[in-house]
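[1] Whatever this is, show me its structure:
(2 chains)
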Amino acid sequence: GNSVTQMEGPVTLSEEAFLTINCTYTATGYPSLFWYVQYPGEGLQLLLKATKADDKGSNKGFEATYRKETTSFHLEKGSVQVSDSAVYFCALSVPGGYSTLTFGKGTMLLVSP
Amino acid sequence: DTAVSQTPKYLVTQMGNDKSIKCEQNLGHDTMYWYKQDSKKFLKIMFSYNNKELIINETVPNRFSPKSPDKAHLNLHINSLELGDSAVYFCASSPPRAETQYFGPGTRLLVL
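    Next comes the predicted model:
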């Protein structure tokens, strides 16, 4: 089956620190990979995605590269802000038919001034 | 001009009651979903409808019954509520056979 494993949180950083949130996956096909972000009290928003190996998704200073050889899609940001405090979800979708998202358990990020 | 909206935002009720949560999307998408997020933030798909037809029904108690009156709406009715049903329920939508999903703001259900 399909599964996504994320590093456990919370991840606590000071403003302007470098962020990495690890994500690895197993899939029964060639998945597309996603990072969603959930700000406090809100629904999930798509942050970035990549649909094939070596693709890099990027948005709002966040980046993640689809690494097929290591089955990973780690999220990085060079300099975090307080406003980045949220829960980050790694997810995959296997194309074909009516695909659904398989989510990791989420990683809470807390950024202090 | 909210893309995916849910009502109510908060729902507090007693065990044994029956309640409904409504979801509407104005994105013109054909596919809609219900997810449950537990207290540890874990998200799990419950149902998916495509053009008013049920296409995914995960292992969910039959006390949960989704209803799609048209492709812009997907409501969730829950009978005989239990303490374990307390969670945040998210509705989402996507274009047909597309992978990117758009989420509503969530309905926070608390069963006392």
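[2] So the residue nearest the centre of chain B: helix, strand or coil?
    By C-alpha atoms, centre = their mean, chain B has its centre lying nearest to B:Trp34, at 3.3 Å. Following DSSP: H, G, I helix; E, B strand; the rest coil, B:Trp34 is assigned to strand.
[3] ok, is the strand or helix carrying B:Ser20 in contact with chain A or not?
    In this structure, B:Ser20 sits in strand B:19-25 according to DSSP states H and E. No. For a cut-off given as C-beta under 8 Å from any C-beta of the partner chain, strand B:19-25 has no contacts with chain A; the smallest distance is 11.1 Å. Quick note: C-beta positions are derived from backbone N, CA and C, even for glycine.
[4] Return the distance of the residue nearest to the centre of chain B relative to chain A.
    Separation of B:Trp34 from chain A (C-beta to the nearest C-beta, to the nearest Å) stands at 11 Å.
[5] if we can go back for a sec, the strand holding B:Ser20 packs against which elements?
    When contacts are defined as 3 or more C-beta pairs under 8 Å, 6 or more residues apart in numbering or on different chains; DSSP states H and E, strand B:19-25 packs onto strand B:4-7, strand B:10-13, strand B:31-37, strand B:73-78, strand B:87-94, strand B:107-111.
[6] so what strands line up beside that strand?
    Applying DSSP bridges, strand B:19-25 is found paired with strand B:4-7 (antiparallel), strand B:73-78 (antiparallel).
[7] angle of that strand against strand B:31-37?
    Per axes from the mean of the first three to the mean of the last three C-alpha atoms, to 10 degrees, the angle that strand B:19-25 makes with strand B:31-37 is 130 degrees.
[8] so how far is strand B:19-25 from its chain's centroid?
    Remark: strand B:19-25 is offset 7 Å from the chain centroid, using C-alpha atoms, centre = their mean, to the nearest Å.
[9] Could you do stretch A:8-23 as well?
    12 Å.
[10] right, is that stretch up against chain B?
    No. Stretch A:8-23 is not in contact with chain B by C-beta under 8 Å from any C-beta; minimum separation 9.2 Å.
[11] Span of that stretch from start to end?
    Taking C-alpha to C-alpha, to the nearest Å as the measure, stretch A:8-23 stretches 10 Å from start to finish.
[12] Please apply the same query to stretch A:65-74.
    Start-to-end, stretch A:65-74 (C-alpha to C-alpha) is 7 Å.
[13] beta partners for the residue nearest to the centre of chain B?
    Under DSSP bridges, the beta-bridge partners of B:Trp34 are B:Phe47, B:Cys91.
[14] Now do the same contact list for it.
    Applying C-beta atoms under 8 Å, 6 or more residues apart in numbering or on different chains to B:Trp34 gives the contacts B:Cys23, B:Ile45, B:Met46, B:Phe47, B:Ser48, B:Pro66, B:Leu74, B:Leu76, B:Tyr89, B:Phe90, B:Cys91, B:Ala92.
[15] closest to A:Thr71 among those?
    B:Ile45 (21.5 Å; C-beta to C-beta).
[16] got the angle between the helix or strand containing the closest one and strand B:87-94?
    Per DSSP H and E, B:Ile45 falls inside strand B:43-50. Angle of strand B:43-50 versus strand B:87-94, following the same axes, to 10 degrees, is 40 degrees.
[17] Show the low-confidence segments of the chain, by residue range.
    Went with chain A since none was named. Within chain A, the stretches with pLDDT under 70 are A:96-99.
[18] Hmm, no, I was thinking of chain B.
    Checking chain B against pLDDT under 70 turns up B:1-2, B:97-98.
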